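next comes the sequence, and after it the predicted model I'd like to discuss.
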Amino acid sequence: MGRIVAIGESVRVQALALAGVLVLPGDDPDQSRASWLGLPPDVDLVILTPEAAAAVGDGSGPLRIVMPR
């Protein structure tokens, strides 16, 4: 099984690190896109805040879920 990653505003995703989720920065759209483009190859699931999801947009890549507002 691959890794789970969370991208988004620190205040919303930081607690996921306690569950073993790799937390990447996404405090603004540019940071979210950079984190998405720099995902490690072994990532199977990405948890995104709504703001990060909007910045990343649609496209190919690992399975993604968007946190509720």
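Great, that's in hand. Numbering: from 1, shown residues only.

contacts for stretch 16-23 next, please.
Residues outside stretch 16-23 that contact it (Cβ atoms under 8 Å, 6 or more residues apart in numbering): 3-6, 10, 13-14, 40, 43, 47. All C-beta spots, glycine's among them, are computed from the backbone N, C-alpha and C.

kindly recompute the last result at 10 Å.
Applying Cβ atoms under 10 Å, 6 or more residues apart in numbering, the contact partners of stretch 16-23 are 3-8, 10, 12-15, 35, 39-40, 43, 45-47, 67.

likewise for stretch 58-69?
Identification of contacts with stretch 58-69 by Cβ under 10 Å, 6+ apart yields 2-8, 12-13, 16, 36-37, 39-54, 56.

now do residue 11 against residue 67, distance only.
Here residue 11 is placed at a distance of 12 Å from residue 67 (Cβ to Cβ, to the nearest Å).

who's more crowded, the two?
When residue 11 and residue 67 are compared for neighbours, residue 67 comes out ahead with 16 against 9, by other Cβ atoms under 10 Å.

which pLDDT value goes with residue 1?
Per-residue pLDDT puts residue 1 at 76.

does residue 46 sit in a helix, a strand or a coil?
Following DSSP: H, G, I helix; E, B strand; the rest coil, residue 46 is assigned to strand.

thank you kindly, that will do.
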